[in-house]
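Colleague: Structure for the following, please:
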Amino acid sequence: YNGSSNNYPMYGVELDRKTFQPKGSRMPMYLLESWRYGWQRFGEYMDNTFLDPFAEGAWMTKHNGKYYFQYGAPGTEFSGYSDGVVVGTKPLFYDSQFTPQSDPLSYKGGGFSRGAGHGATFQDNSKNYWHISTSIICVKNTWERRMGIWPTGFDKDDVMWTNTAFGDYPLYLPSERKENGPAGPGWMLINYKKPITVSSTLGAFHANNAVDESIKTYWSAKTANNGEWIQTDLGSLATVNAIQINYADQDAEFIGKQIGIYHQYKILSSTDGKNWTMLVDKSQNKTDVPHDYIELEKPVKTRYIKMVNIHMPTGKFAISGLRVFGNGNGEKPSEVKNLIVLRTEKDKRSAYIKWQPVDNAFAYNLYYGTAPDKLYNCIMIHDFNEYWFKAMDSQKAYYFSIEAINENGVSAKTKVKKVD
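Modeller: The predicted structure is shown next:
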């Protein structure tokens, strides 16, 4: 299977198993239908701005006698970059019936790391399915990306799904994943937009960028010297289970993967901001860890987390996300009220969605799908109580539910709402 175009379809051809030579000519598999499927529209705001959408990154999975043809669309550099799936009865679709699933197989339109396109599906040793695809940074270079891996599977009706809800929070490894169980341990982000202090600041790369849940923005120190630091105040004593450190590139002197480069740092904790205890010691680390994740052997109760730089492989000491996971030990947010979805005949691919804000929530998960028991896609929305949703199948009814999020946990989901 191959293809990467905003004008021509994806293609497939059968190969000889011994010679790997084509048996006949390649035949068309699927051409995007953005006139119907809103999520296939090109652009950050799904409006087909200046170009038509691209399809690329073909992958095929066979399950229960059916063929699930996966493709990335509408463009690498967008938050809405997703993998769609078309289901057929044969590995080549040109002379057989096939049906596109209305919504993306993998979609991650919100959160710290966005995008879930140009991927592949595989099984682990326990036969659990996983989907791996690319997420965007696209700051220093349009094609600057990272990888995300999420639980995937097939429901009783053979609908293929991927769970990206809390998809950039800690998730269980294959050995811990349980069938129909939670995707992760439920540790919450406990320092979203909390107070930050730093050793120095380069230009407009302000400290708050390190806790704003955007991989595109970052804080940078003036140097990469040993002793530059960044400190987050959790606001009160909280339980810390894990920390993720996301470095950013500022004044990097090389591009791409290199041999022999490494990051070194220490992480300290304090209950009062004066007396410090070593929490993580990476002062002897000799590996490249641009997105390091540290899961503590035992959770600690603390208020302040301080990261001290020792060595950078290149450029300044810069952080796009100092993310602390655990629990704030307070009240979970209340259930969301008055979810409203306005969808009109003007363009049924799109809707304006609004809800009553929850006082103690900093984000919301909006779930949607084309059946009340198949709300497989999720968008995490920070700060706002509205969303311009442009990813629907114009020819189907939709179902929605929403939950509120804070550092203490997640509210109950709202009753599923149907919108014609």
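
Colleague: Every contact and neighbour count from this point should use C-alpha atoms.
Modeller: OK.

Colleague: and the gap between Arg26 and Met278?
Modeller: 60 Å (CA to CA, to the nearest Å).

Colleague: Please identify which of these two sits among more neighbours.
Modeller: Between Arg26 and Met278, counted using other CA atoms under 10 Å, Arg26 has the larger neighbour count: 17 against 11.

Colleague: if I look at the nearest residue to that one once chain neighbours are set aside, how far off is Tyr364?
Modeller: What sits nearest to Arg26 in space, not counting adjacent residues and going by CA to CA, 6 or more residues apart in numbering, is Val13, at 4.3 Å. The gap separating Val13 from Tyr364 is 44 Å, by CA to CA.

Colleague: which one of these two has more residues nearby?
Modeller: Tyr364 (26 against 18).

Colleague: Provide a list of residues in contact with the more buried one.
Modeller: Shown in contact with Tyr364 (CA atoms under 8 Å, 6 or more residues apart in numbering): Met380, Ile381, His382, Ile402, Glu403, Ala404, Ile405.

Colleague: Once you drop chain neighbours, what's closest to the third one?
Modeller: This points to His382. Ala363 (4.1 Å).

Colleague: Who are the contact partners of that neighbour?
Modeller: Ala363 neighbours (CA under 8 Å, 6+ apart): Met380, Ile381, His382, Asp383, Phe384, Ala404, Ile405, Asn406.

Colleague: now do Tyr262
Modeller: Asn285, Lys286, Thr287, Asp288, Val289, His311, Met312, Pro313.

Colleague: again, but for Lys62
Modeller: Contacts of Lys62 (CA under 8 Å, 6+ apart): Tyr68.

Colleague: Recalculate using a threshold of 10 Å.
Modeller: Going by CA atoms under 10 Å, 6 or more residues apart in numbering, Lys62 touches Tyr68, Phe69, Val87, Gly88, Thr89, Lys90, Pro91.

Colleague: Help me confirm that it is found in a strand?
Modeller: Yes - under DSSP: H, G, I helix; E, B strand; the rest coil, Lys62 sits within a strand.

Colleague: what's across from it in the sheet?
Modeller: Note on Lys62: beta-bridge partners Tyr67, judged by DSSP bridges.

Colleague: shaky segments in the stretch 151-300 of the chain?
Modeller: Within the stretch 151-300 of the chain, no range satisfies pLDDT under 70.

Colleague: what about the strands in it?
Modeller: Listed in chain order, the strands of the stretch 151-300 of the chain (DSSP state E, counting those that start in this stretch) span 160-162, 188-189, 196-198, 219-220, 229-247, 264-270, 277-281, 291-311.

Colleague: Show me which residues of the last one are buried.
Modeller: I take that to be strand 291-311. Going by neighbour count (16 or more other CA atoms under 10 Å), the buried part of strand 291-311 is Val300, Lys301, Thr302, Arg303, Tyr304, Ile305, Lys306, Met307, Val308, Asn309, Ile310, His311.

Colleague: Tell me the helix or strand right after that strand.
Modeller: Of the helices and strands lying after strand 291-311 in sequence (DSSP states H and E), the nearest is strand 318-327.

Colleague: and that next one, which strands flank it?
Modeller: strand 188-189 (antiparallel), strand 219-220 (antiparallel), strand 229-247 (antiparallel).

Colleague: Could you point out the bridge partners of the residue nearest to Leu322 when sequence neighbours are not counted in the sheet?
Modeller: Distance criterion CA to CA, 6+ apart; nearest residue to Leu322, sequence neighbours excluded, is Ile245 at 5.1 Å. With DSSP bridges as the criterion, Ile245 is bridged to Asp292, Leu322.

Colleague: wait, what's in contact with Ile245?
Modeller: Here Ile245 is in contact with 210, 289-294, 307, 319-324 (CA under 10 Å, 6+ apart).

Colleague: can we see that at 7 Å?
Modeller: Shown in contact with Ile245 (CA atoms under 7 Å, 6 or more residues apart in numbering): His291, Asp292, Tyr293, Gly321, Leu322, Arg323.

Colleague: and those as CSV, adding distance to Lys193?
Modeller: Formatted as CSV, the contacts of Ile245 follow (distance: CA to CA, whole Å):
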residue, distance to Lys193
His291, 20
Asp292, 20
Tyr293, 20
Gly321, 11
Leu322, 11
Arg323, 10
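
Colleague: from these, which is closest to Ser199?
Modeller: Leu322 (14.8 Å; CA to CA).

Colleague: Relative to Lys266, how far out is the closest one?
Modeller: 13 Å.

Colleague: Then Pro22?
Modeller: 55 Å.

Colleague: Give me the more crowded residue out of the two.
Modeller: Taking neighbours as other CA under 10 Å, Pro22 and Lys266 compare with Lys266 leading, 18 against 12.

Colleague: residues contacting the nearest residue to the more buried one once chain neighbours are set aside?
Modeller: Once flanking residues are discounted, Lys266 sits nearest to Asp281: 4.7 Å by CA to CA, 6+ apart. Going by CA under 7 Å, 6+ apart, Asp281 touches Tyr265, Lys266, Ile267.

Colleague: ok, what's across the strand from the second one?
Modeller: Okay, so that is Lys266. Assigned bridge partners for Lys266, using DSSP bridges, are Asp281, Val308.

Colleague: Test my guess that it contacts Lys282.
Modeller: Yes - between Lys266 and Lys282 there is a contact at 5.6 Å, judged by CA atoms under 7 Å.

Colleague: got the domain boundaries for this protein?
Modeller: 10-176, 191-327, 337-419 (automatic domain parsing).

Colleague: any chance of those domains in a markdown table, plus distance to Tyr1?
Modeller: A markdown table is the format used below for the domains of the chain (distance: least, CA to CA, whole Å):
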| stretch | distance to Tyr1 |
| --- | --- |
| domain 10-176 | 4 |
| domain 191-327 | 28 |
| domain 337-419 | 26 |
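
Colleague: Of the ones you listed, which is nearest Gly184?
Modeller: domain 10-176 (4.0 Å).

Colleague: Check which helix or strand the nearest residue to Val416 once chain neighbours are set aside maps to.
Modeller: Spatial nearest neighbour of Val416, excluding adjacent residues (CA to CA, 6+ apart): Ser401 at 5.0 Å. Element membership for Ser401 (DSSP H and E) is strand 398-406.

Colleague: Name every strand pairing with that strand and say which way it goes.
Modeller: In the sheet, strand 398-406 lines up with strand 363-369 (antiparallel), strand 409-410 (antiparallel), strand 417-419 (antiparallel) (DSSP bridges).

Colleague: which residues touch the residue nearest to Arg26?
Modeller: Tyr1, Pro22, Ser25, Arg26, Met27.
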